[in-house]
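Engineer: show me the folded form of this:
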Amino acid sequence: MIKFLTRYNFHFLLLPVFFVWHASNEYFGLVNWRYIIEYVGYYLALSIALFVIGKLLFKNNTKAALWAFIPLTIFFFFGVFHDFLKSNTFFSIISSYSILLPLICVIIVLAIIAIKRNKNNLVRPTAYLNALMLFLILLELQLSVYQFFTHEHKKNNLNYGLALTDIKVSNMPDSLKPDIFFIVFDEFASTKSLLQYVNFDNSNLDSAFKKHNFYIAKNSKSNFNATPFSLACYLNMQYPNGDFEGKQFSPRNALKAQYTVKESVFPTYLKNNNYSFKNYGILDLPNSNSIKESHFNFNFSKIFTLETLVGRIHKDIWWNVALKINGTAAIEKKITALKEPYTNGIIENYNNTYKALQSEYATPTFTYSHMLIPHSPFCFNKNGERRTLRLTDNLDNDIDSLYTDQLQYCNTLIKSLLTATTTTPTKRPRVVIIASDHGYRNNFTLNKTRDKEFSNLCTVYFSDNKYETLYDSISPVNIFRVVSNKYFNTNLPMIKDSSILLY
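Structural biologist: So this is what the prediction gives:
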């Protein structure tokens, strides 16, 4: 074993494997395998590139491997070190990038000089680093095996440990089961909230809803002010397990809420009762993946990059560097181009939803659709024309008008969906829910107004136009309880409507 540790230089290759594996264990069961493999590949390529540079510098494999290990350590653990400096009063003075980055360069240069001048064979540091990395890898392997056999991934479901809602349907023919459409417009505020907080009158949309016999819950409040948590309440018909009031909307929490939607109760229940699914949303449902990758998967990249040197530079200072290099106009043009697939996805989801409302299906169908507007970025003006995104879009003095402009375009889309809802002849009953996940947040200010954050759009259409079981202040957690009781005779009790603020 000693000969193995001293003869081979593999420690610098195990370091990126350890880093990715450790992050994956921290988020066990949440991270897509594709991302794990990709980032292991990226970081191994970086390690090999540094080794090649070391080989050119030192003409010696042992020295090249030791050289590669030093900048890799700085790269992977910069975030932890930087956080320590910032949180410590004594060291905070050197936490500035203007000090740290030159210091890192000095350390690397000194390392090159020290390794180049060293006349020893470096057997001991090589053996030590090899043994250390093997030990850390074995620890991660042990943790992975433990989490696998104890089914630790199930705890990612925010409903873990709760008694799930038991819904049973006995001998109901498919002809009596309603086609259900769950259509979400992201961050669409209630008419009352728009008038109160933005001084915008959106009563013409309420008139359109009434014309098409929709029920409007004028005083509805979302259960959360964050999308995946709100959708989890809708589709599980209950609150998550745990105290989330005042907690951070972190990548971990976002991914757990997304996972909870994927395991949600109501779609599972429908699936077991011969329902088909159309998923034009932004999240996967049980046995029904979104036509595009789940929206909050972008957090997978953060798991593997945010703590690295490059990840921190990109997050903290790169925008300023890019602005100075390229200028405002070039950056805005690039941002707009990068958002083009996002903008096209909104239109695609709308078109699919419109066609679904005009269709009649052979089996009862649940359709989930999610348009990421009027939520920023503000890609559309009020006429639906594409606009160039500006760096100033999210400034307080601009954002309200940009939001209401995009909201007016949403009104046009919603009105066409209303027409499709009520003019399409169907043999089965029809339920159409057009709602939002939360109110208008204006996240770019620190002054959060609780009522504003939760005052969401909430409207319901039953094809028999009987709305006795709905009430004016209903929240997402009770919407599908009402639907289940009305159409499946489940007698589920209503639970308390309350709102939980995340930061």
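
Engineer: show me what stretch 39-52 is in contact with.
Structural biologist: 12-13, 15-17, 19-20, 64-65, 67-68, 71-72, 75-76, 304-305 (CB atoms under 8 Å, 6 or more residues apart in numbering). Every residue, glycine included, has its C-beta placed from N, CA and C.

Engineer: from the chain's centroid, how far away is that stretch?
Structural biologist: Relative to its parent chain, stretch 39-52 has a centroid offset of 28 Å by CA atoms, centre = their mean, to the nearest Å.

Engineer: show me this protein divided up by domain.
Structural biologist: 2-155, 157-488 (automatic domain parsing).

Engineer: so which of those domains gets nearest residue 498?
Structural biologist: Each of these was scored for nearness to residue 498 using CB to CB, and the closest is domain 157-488 (6.9 Å).

Engineer: distance between the ends of that closest one?
Structural biologist: By CA to CA, to the nearest Å, the extent of domain 157-488 from end to end equals 26 Å.

Engineer: what is the mean pLDDT for that domain?
Structural biologist: For domain 157-488, mean pLDDT is 93.

Engineer: if we can go back for a sec, deepest of the domains of the chain, which one?
Structural biologist: Burial of those is given as mean neighbour count (mean count of other CB atoms under 10 Å); domain 157-488 ranks first at a mean of 18.

Engineer: pretty sure residue 221 sits against residue 452.
Structural biologist: No. Judged on CB atoms under 8 Å, residue 221 makes no contact with residue 452 at a distance of 10.5 Å.

Engineer: please identify every residue contacting each of those two.
Structural biologist: With CB under 8 Å, 6+ apart as the test, residue 221 and residue 452 both reach residue 439.

Engineer: A helix includes residue 461, no?
Structural biologist: No. Judged by DSSP: H, G, I helix; E, B strand; the rest coil, residue 461 forms no part of a helix; its state is strand.

Engineer: skip the chain neighbours and tell me the closest residue to it.
Structural biologist: Nearest residue to residue 461, sequence neighbours excluded (CB to CB, 6 or more residues apart in numbering): residue 432, at 4.0 Å.

Engineer: pairing partners for the helix or strand the one you found falls within, with directions?
Structural biologist: Assigned by DSSP states H and E, residue 432 belongs to strand 430-435. Using DSSP bridges, strand 430-435 pairs in its sheet with strand 179-185 (parallel), strand 458-462 (antiparallel).

Engineer: can I get these in JSON lines including distance to residue 83?
Structural biologist: Formatted as JSON lines, the strands paired with strand 430-435 follow (distance: least, CB to CB, whole Å):
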{"stretch": "strand 179-185", "distance to residue 83": "36"}
{"stretch": "strand 458-462", "distance to residue 83": "41"}
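
Engineer: which one of those strands lies nearest to residue 333?
Structural biologist: strand 179-185 (27.8 Å).

Engineer: and that closest one, how far out from the chain middle?
Structural biologist: On CA atoms, centre = their mean, the centre of strand 179-185 falls 20 Å from that of its chain.

Engineer: and if you look at stretch 14-22?
Structural biologist: For stretch 14-22, the distance to the chain centre is 24 Å (CA atoms, centre = their mean).

Engineer: what does stretch 99-115 give?
Structural biologist: Averaging C-alpha positions (CA atoms, centre = their mean) puts stretch 99-115 38 Å from its chain's average.

Engineer: average model confidence for the helix or strand harbouring residue 63?
Structural biologist: For residue 63, the enclosing helix or strand under DSSP H and E is helix 61-87. The average pLDDT for helix 61-87 rounds to 95.

Engineer: mind listing what the residue nearest to residue 461 touches?
Structural biologist: Residue 432 sits in contact with 180, 181, 183, 214, 357, 421, 460, 461, where contact means CB under 8 Å, 6+ apart.

Engineer: what ranges does the stretch 1-150 of the chain have for its helices?
Structural biologist: 2-7, 11-26, 33-58, 61-87, 97-117, 123-149 (DSSP state H, counting those that start in this stretch).

Engineer: could you redo the ones you listed as a markdown table and give each row distance to residue 335?
Structural biologist: Converted to a markdown table, those look like this (distance: least, CB to CB, whole Å):
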| stretch | distance to residue 335 |
| --- | --- |
| helix 2-7 | 50 |
| helix 11-26 | 28 |
| helix 33-58 | 24 |
| helix 61-87 | 25 |
| helix 97-117 | 23 |
| helix 123-149 | 38 |
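
Engineer: distance of residue 29 relative to residue 157?
Structural biologist: Residue 29 sits 9 Å away from residue 157, going by CB to CB, to the nearest Å.

Engineer: likewise for residue 284?
Structural biologist: Counting by CB to CB, the gap from residue 284 to residue 157 is 13 Å.

Engineer: relative to residue 14, how far out is residue 73?
Structural biologist: Residue 73 sits 12 Å away from residue 14, going by CB to CB.

Engineer: just residue 328 next, same as before
Structural biologist: Distance from residue 328 to residue 14, by CB to CB: 44 Å.

Engineer: got it, and residue 402?
Structural biologist: Distance from residue 402 to residue 14, by CB to CB: 49 Å.

Engineer: all the helices of the stretch 151-300 of the chain, residue numbers only.
Structural biologist: For the stretch 151-300 of the chain, the helices defined by DSSP H, counting those that start in this stretch occupy 191-193, 203-211, 227-236, 251-262, 265-271, 298-305.

Engineer: hang on, the earlier thing: by mean pLDDT, show me the worst of the helices of the stretch 1-150 of the chain.
Structural biologist: For those, mean pLDDT drops lowest on helix 2-7, to a mean of 75.
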